[in-house]
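Enquirer: I would like to see how this sequence folds:
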Amino acid sequence: MADQDHNAASEEAYLFDKIRSVSDPVSGQSLIESKRLMAAELKESNARFVIRANGLTAEQRSLLEKQISDLLQADPSVAKTYFTFVLSKPKPKIIAVASGKGGVGKSTLSAALALLLKQKGRRVGLVDADIYGPSQALLMGAKQQSVAAVGDQLRPVVTADGIAMLSMGQIADPNQAIAWRGPKIAGAFNQLMAADWSECDVLIVDLPPGTGDIQLSMVREHKPDGVLIISTPQDMALIDAKRAVDLFQKTETPIIGLIENMAGYQCPHCGEISDPFGAGGAELAAADMGIDFWGYIPLGLNIRLAADSGHLGDCLKDSAEGAAAAFSKIAERLGVWIDQQG
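Expert: All right, here's what the predicted structure looks like:
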C-alpha cells in the first residue's frame with residue numbers, strides 16, 4: 001500500500017511538472033500555483049486531470065484541455081488524456097479579531113464589522129470564539145435562537161440582520177459557568193469553526209482575550225487570512241496587545257492592523273472632548289511594532305445601548321459621526337483589504 005501511495009504521488013508530481021507552463025486563464029498565474037488544478041493521475045497510460053471550474057467559460061475550459069493535451073501529445077507514457085471540471089464552493093475569508101486583553105471592545109468591533117460588511121452586500125458569518133465569556137448572542141439579538149446540527153456538523157443560526165453566527169451563548173445555559181479545561185475548550189472552538197459556513201464569503205472570528213489554546217488552534221488549524229488587533233490607549237492594554245501581535249507574528253499570521261478603541265469622549269452637554277483612557281497610545285505602538293494603524297473609535301453611549309439591547313445594526317446605519325462613523329470607515333477599509341487578497 002505504501003508503494004502504491006508513493007507511485008501515485010510520483011505520477012502526480014510528474015504530470016504537474018509536465019504542464020507547469022500552462023497558465024490559469026482567470027488569474028494569469030501558473031495553473032498549479034493558482035490551485036485550480038486539484039488532482040492528476042497517470043494510470044495505464046491514461047492521464048486524468050481534475051480542474052476547478054469556478055470562473056471559467058466554456059471556451060477557457062476547451063483552451064485548458066487543448067494546452068494540456070498538446071504538451072502531453074509527444075509523451076510516450078501517455079496514450080490518452082481525460083479531464084474532469086468541478087465546481088467547488090470557495091472557502092470564506094477568515095478575519096480574526098483579537099485583543100490580548102479583555103474589556104477593550106473586541107466583541108463590539110467583531111459584531112460591527114459583521115453587520116457593516118453585510119450592509120455592503122457581503123455574505124458574512126460570525127464565530128464567537130470566547131467560550132468562557134460569549135457575548136455575541138446578546139450583541140446580535142440572537143439569544144433565543146437555538147443551534148441545530150446535521151450529523152456532527154453544526155448549522156449556524158441566521159440573525160434578524162442576516163448574519164450567520166454561532167456562539168456558546170446559544171448552546172450553554174447563560175446562568176451557568178463553563179468550567180472546562182484547555183482540550184475541551186479547543187474542541188468546542190474547533191466544532192464552531194467546522195460548522196457549515198459554505199454560504200459565507202467572510203467569516204469574522206471574535207477571539208477571547210489572551211494567547212492561549214483557542215488562539216493556537218486558530219493559527220495552526222484554521223489559518224486566518226488576517227488578524228485585526230484592538231486596544232485601548234493606556235499602557236496596561238497595549239502591553240497585552242503587543243503580546244497578541246507577537247504570537248501572530250511568530251506563527252506567520254498576517255496582521256491587518258491595530259485599532260484604538262475608547263479614544264476620547266464628547267460630553268453631550270458642553271461638547272468638550274476628554275480622554276479618560278489616554279490618547280494616541282495604540283497609534284504609537286503600531287508604529288513601534290511596524291504594523292498598520294487603522295484608526296480611532298471614540299466612546300459612544302448610543303453604541304453601548306444598542307449593543308446591550310441587541311440592535312447594534314440599527315445604530316450603525318446612522319454612521320455620520322462618532323463611533324458609528326469610525327466603525328463604518330474601518331469596515332470599508334476591511335472590505336478593500338479583503339478584495340485585494342483575491
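Enquirer: Quick check, central residue of this protein?
Expert: For the chain, the residue nearest the mean C-alpha position is I94 (1.2 Å; CA atoms, centre = their mean).
Enquirer: The one helix or strand that one maps to packs against which elements?
Expert: Here I94 sits within strand 93-98, counting by DSSP states H and E. Strand 93-98 makes packing contacts with helix 106-119, strand 202-206, strand 226-231, helix 322-340 when contacts are defined by 3 or more CB pairs under 8 Å, 6 or more residues apart in numbering; DSSP states H and E. Where you see a C-beta, it was placed from the backbone N, CA and C, and this is true even at glycine.
Enquirer: returning to that earlier point: I'd assumed L207 was in contact with the residue nearest to the centre of the chain.
Expert: No: with contact defined as CB atoms under 8 Å, I94 does not count as touching L207 (11.3 Å).
Enquirer: Do you know the pLDDT at Q170?
Expert: The per-residue pLDDT reported for Q170 equals 88.
Enquirer: The spatially closest residue to V227 that is not a sequence neighbour pairs with what?
Expert: The shortest distance from V227 to any non-neighbouring residue, by CB to CB, 6 or more residues apart in numbering, is to A96 (4.6 Å). Beta bridges link A96 to V205, V227, judged by DSSP bridges.
Enquirer: what bits of this structure have low per-residue confidence?
Expert: 1-9, 342 (pLDDT under 70).
Enquirer: Show me the helices in it, by range?
Expert: Under the criterion DSSP state H, helices of the chain are mapped to 2-18, 58-72, 106-119, 136-139, 182-193, 213-217, 235-250, 281-289, 301-308, 312-317, 322-340.
Enquirer: tally of neighbours for D75?
Expert: Per other CB atoms under 10 Å, the neighbour tally for D75 reads 15.
Enquirer: you'd agree it is up against L15?
Expert: No: D75 lies out of contact with L15 (CB under 8 Å); the separation is 9.4 Å.
Enquirer: related to what we said a few turns ago, run the angle between the strand holding I94 and helix 322-340 for me.
Expert: Taking axes from the mean of the first three to the mean of the last three CA atoms, to 10 degrees, strand 93-98 and helix 322-340 form an angle of 140 degrees between their directions.
Enquirer: quick revisit: where's the residue nearest to V227 relative to I297, distance?
Expert: Using CB to CB, to the nearest Å, A96 is found at 18 Å from I297.
Enquirer: go on, T232?
Expert: Distance of T232 to I297, computed by CB to CB: 10 Å.
Enquirer: ok, now T57?
Expert: Remark: distance between T57 and I297 (CB to CB) = 44 Å.
Enquirer: just Q170 next, same as before
Expert: Using CB to CB, we find Q170 at a distance of 27 Å from I297.
Enquirer: Between the two, which is the more surrounded one?
Expert: I297 (27 against 22).
Enquirer: Next up, the contacts around that one.
Expert: Counting by CB atoms under 8 Å, 6 or more residues apart in numbering, I297 touches 105, 109, 259-263, 323, 326-327, 330.
Enquirer: Need those in a markdown table (columns: distance to M38 and neighbour count).
Expert: Compiled in a markdown table, the contacts of I297 are given as follows (distance: CB to CB, whole Å; neighbours: other CB atoms under 10 Å):
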| residue | distance to M38 | neighbour count |
| --- | --- | --- |
| G105 | 41 | 23 |
| L109 | 36 | 22 |
| I259 | 38 | 29 |
| E260 | 43 | 32 |
| N261 | 42 | 24 |
| M262 | 47 | 24 |
| A263 | 47 | 24 |
| A323 | 45 | 25 |
| A326 | 42 | 23 |
| F327 | 39 | 26 |
| I330 | 36 | 22 |
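Enquirer: what's the farthest-apart pair in these?
Expert: Farthest pair in the contacts of I297 (CB to CB) is M262 and I330. Separation: 14.5 Å.
Enquirer: what's around K35, how many residues?
Expert: Using other CB under 10 Å, K35 has 12 other residues around it.
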